[in-house]
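# quick one, fold the following:
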Amino acid sequence: MVTAFSVAATAQPKKQPHTIAPVGIIKGLSDEALLETVQRQTFRFFWHGAHPVSGLALERSNTVLAEHYWDYINEAWDEPNFSTTPFGPDAGAIGGTGFGIMSTIVAVERGWIGRDTAVGRLIRIADFLINADCYHGIYPHFMNGRTGKTIKFDRLDDAADIVETSYLLMGFLCAREYFTGDAPREKYLRKRVDQMWGAANWNWHTNNQDKLFWHWSPNNGFDMNFPVWGWNECLITYIMAASSPRHGISKEVYNGSWAGSKGFRNGNTYYGIKLPLGNFDRGGPLFFEQYTFQGIDPNGLKDSLGIDYQEQARAHTLINRAYCIENPKKYKGYSEKCWGLTAGDSYKGYAAHCPDTDLGVIQPTAAISSMPFTPKESMQALRYFYEEMGDRIWSKYGFTDGFSIHHNWYAKSHLAIDQGPIVVMIENYRTGLLWKLFMKIPDIQNGMKKLGFQSPWIK
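Residues are numbered from 1 along each chain as shown. Here you go, the predicted structure:
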């Protein structure tokens, strides 16, 4: 006999998950189970490790000392740092928050957190940003997650950062495409995204030239004088800037300071692999390929110059791996399963690790976030990091930021811009979820057509 109590109990709506329990090292996982485990635990950085007031992704999980962030970065170049100001506890990362928003979509799709719970978090972030420091619709690199005030990167870089803003809005546009329900809160979130997308004045950052400038400040104007030259992580910035329905840049701006720059093309062959783009010897840090291609699908993507972006992404990744296997500096630990040079923490500050700047430090995000480009090689590295290095680098937020077997150094820190691509790029490898959301947006398709791109997604 079914009791009234049991009937009432089964009639209750299913409770939405809102917490994610961390796990340790589980031996013998299948590839799919391992990918799921790494994604889920890495997402905890954005869910359980976010700023408690705003919900912004913290730049890092630890605290460093820096009057301006460059003070910490430059420790890698042996510059003394006697700063006494802590950087970390309230430092929200604008670009990292965009990556976290994309990760939140993955979390809902995979059932780690509830849909309504996720929407509530994204509304909290959006409402905070609506009232935070903003300059012609463009946000700063770092923001105090408690007050909404800009945290200076340095003396001149004290306001608008168009590159970080492009990552943020890439994330929000994906959220707008995913949360399309009729529930009032989802409608409210979409309205907030529309407001931010419409307000961002990309064209302001041309300074009436055929260039797109990275920074602007009400105190310093365009004194940074730093055009966004290619090739690097900023292709998404030009696509977002061209796609804006209200403040879009022209193709002449793209030609003037991106595709037309001296550092755009490469064309050299390394380890038998031709590298189409970039002026770095053997390619720069791997985040060059990973940030833009969280939203932009490189498969079948070509520009008016005939560049194949899937070829670029795969070539750059394989060259980076081949360099680590060659290991010309003879660092202990480098191998075919232990590779990946990109920007992140090291035993002496923060550095953009690459073949030109090789300090013997491996960032797990480098190989793992290359999963869509080099699935076999990246899976080999992922399994090594998890099963053989896990006792030193696996934590409640997934893998720590970096390690050096040679220097017996293992980071305790996690960085938003390294954690986010792990979740998103694994998902793009598994299902293409974020590519499907972002590439179908009419504004984005219009902007890409304006810049001369061809893609199976572009109608």
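# going forward, measure contacts and count neighbours with C-alpha atoms only.
OK.
# from residue 24, how far off is residue 243?
Using C-alpha to C-alpha, to the nearest Å, we find residue 243 at a distance of 43 Å from residue 24.
# these two: which has the busier surroundings?
Using other C-alpha atoms under 10 Å, the more surrounded residue of residue 243 and residue 24 is residue 243, with 25 against 14.
# show me what contacts the residue lying closest to that one once chain neighbours are set aside?
Nearest in space to residue 243, with sequence neighbours left out and distances taken as C-alpha to C-alpha, 6 or more residues apart in numbering, is residue 447 at 3.8 Å. If you count contacts by C-alpha atoms under 8 Å, 6 or more residues apart in numbering, residue 447 has them with 239, 240, 241, 242, 243, 244.
# element containing the fourth one, please.
With elements delineated by DSSP states H and E, residue 242 resides in helix 235-243, which encompasses its position.
# any chance you could list what contacts that helix?
Against helix 235-243 from outside (C-alpha under 8 Å, 6+ apart): 162-163, 166-167, 170, 202-203, 247-251, 254, 291-293, 296, 443-448, 450-451.
# centre of the chain to it, how far?
Centroid displacement of helix 235-243 relative to its chain, using C-alpha atoms, centre = their mean, to the nearest Å, is 15 Å.
# and if you look at stretch 91-111?
Worked out by C-alpha atoms, centre = their mean, stretch 91-111 lies 9 Å from the chain centre.
# buried stuff in that stretch?
91-108 (16 or more other C-alpha atoms under 10 Å).
# cool, stretch 224-234 as well?
By 16+ other C-alpha under 10 Å, the buried positions in stretch 224-234 come out as 227, 228, 229, 230, 231, 232, 233, 234.
# how about that stretch as PDB, C-alpha atoms only?
Below are the C-alpha coordinates for stretch 224-234, written out as PDB (Å, rounded to 0.1, in the frame of the first residue of the first chain):
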ATOM      1  CA  MET A 224      49.600  53.100 -23.300                       C
ATOM      2  CA  ASN A 225      49.800  53.300 -27.100                       C
ATOM      3  CA  PHE A 226      49.500  49.500 -27.400                       C
ATOM      4  CA  PRO A 227      47.700  48.400 -30.600                       C
ATOM      5  CA  VAL A 228      46.400  44.800 -30.500                       C
ATOM      6  CA  TRP A 229      48.900  43.300 -32.900                       C
ATOM      7  CA  GLY A 230      48.600  39.700 -34.200                       C
ATOM      8  CA  TRP A 231      49.100  36.700 -34.000                       C
ATOM      9  CA  ASN A 232      48.200  36.000 -30.400                       C
ATOM     10  CA  GLU A 233      45.200  35.300 -28.100                       C
ATOM     11  CA  CYS A 234      43.300  38.400 -29.400                       C
END
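# let's number from 735 now, not from 1
New numbering, starting at 735: the last item is stretch 958-968.
# count the residues that sit near the residue lying closest to residue 1191 once chain neighbours are set aside.
Excluding the flanking residues, the one nearest residue 1191 by C-alpha to C-alpha, 6+ apart is residue 1173, at 6.2 Å. Neighbour count of residue 1173, defined by other C-alpha under 10 Å: 20.
# what sits against residue 1173?
Contacts here follow C-alpha under 8 Å, 6+ apart; on that basis residue 1173 touches 1029, 1030, 1031, 1179, 1191, 1192.
# with residue 829 instead?
875, 897, 898, 899, 900, 901, 902, 1151.
# any idea how far it is from residue 966?
Counting by C-alpha to C-alpha - residue 829 and residue 966 are separated by 15 Å.
# go on, residue 1056?
20 Å.
# how about residue 992?
10 Å.
# what does residue 900 give?
14 Å.
# the helix or strand harbouring residue 909 vs helix 969-977, what angle?
Here residue 909, judged by DSSP H and E, is contained in helix 896-912. Using axes from the mean of the first three to the mean of the last three C-alpha atoms, to 10 degrees, the inter-axis angle of helix 896-912 relative to helix 969-977 is 70 degrees.
# how about residues contacting helix 896-912?
828-836, 839, 872-875, 923-924, 927, 930-931, 936, 939, 947-949, 968, 970-971, 974, 1025, 1029, 1168, 1171-1172, 1175.
# kindly recompute the last result at 6 Å.
If you take C-alpha atoms under 6 Å, 6 or more residues apart in numbering as the criterion, helix 896-912 is touched by 828, 829, 832, 835, 836, 873, 875, 924, 948, 971, 1171, 1172.
# check contacts around the first one.
This means residue 828. 875, 898, 902.
# for stretch 1075-1086, the distance to its chain's centre please.
For stretch 1075-1086 - counting by C-alpha atoms, centre = their mean - the centre lies 16 Å from the chain centre.
# next structured bit after the helix holding residue 976?
helix 985-988.
# secondary structure class for residue 767?
Three-state assignment for residue 767 (DSSP: H, G, I helix; E, B strand; the rest coil): helix.
# picking up where we left off before, host element of the residue nearest to residue 977?
Secondary structure (DSSP H and E) places residue 1181 in helix 1176-1184.
# surely residue 1105 and residue 1111 touch.
No. The pair residue 1105 / residue 1111 is not scored as a contact, 8.0 Å apart, by C-alpha atoms under 6 Å.
# picking up where we left off before, buried residues, the helix holding residue 1181. List them.
Going by neighbour count (16+ other C-alpha under 10 Å), the buried part of helix 1176-1184 is 1177, 1178, 1179, 1180, 1181, 1182, 1183, 1184.
# just the strands in the stretch 735-884 of the chain please.
798-799, 820-821, 825-827, 876-878, 884-885 (DSSP state E, counting those that start in this stretch).
# out of those, which one sits most buried?
strand 825-827 (a mean of 27; mean count of other C-alpha atoms under 10 Å).
# now do that strand, average pLDDT.
Averaged across strand 825-827, pLDDT comes to 98.
# so what secondary structure elements neighbour that strand?
strand 876-878 (3 or more C-alpha pairs under 6 Å, 6 or more residues apart in numbering; DSSP states H and E).
# quick one: distance of the strand it packs on to the chain centre.
Centroid displacement of strand 876-878 relative to its chain, using C-alpha atoms, centre = their mean, is 17 Å.
# ok, now stretch 1119-1130?
For stretch 1119-1130 - counting by C-alpha atoms, centre = their mean - the centre lies 22 Å from the chain centre.
# stretch 886-901 too?
16 Å.
# span of it from start to end?
Stretch 886-901 has its terminal residues 19 Å apart, counting by C-alpha to C-alpha.
# list the buried residues in that stretch.
Here stretch 886-901 shows 886-887, 890-901 as buried, counting by 16+ other C-alpha under 10 Å.
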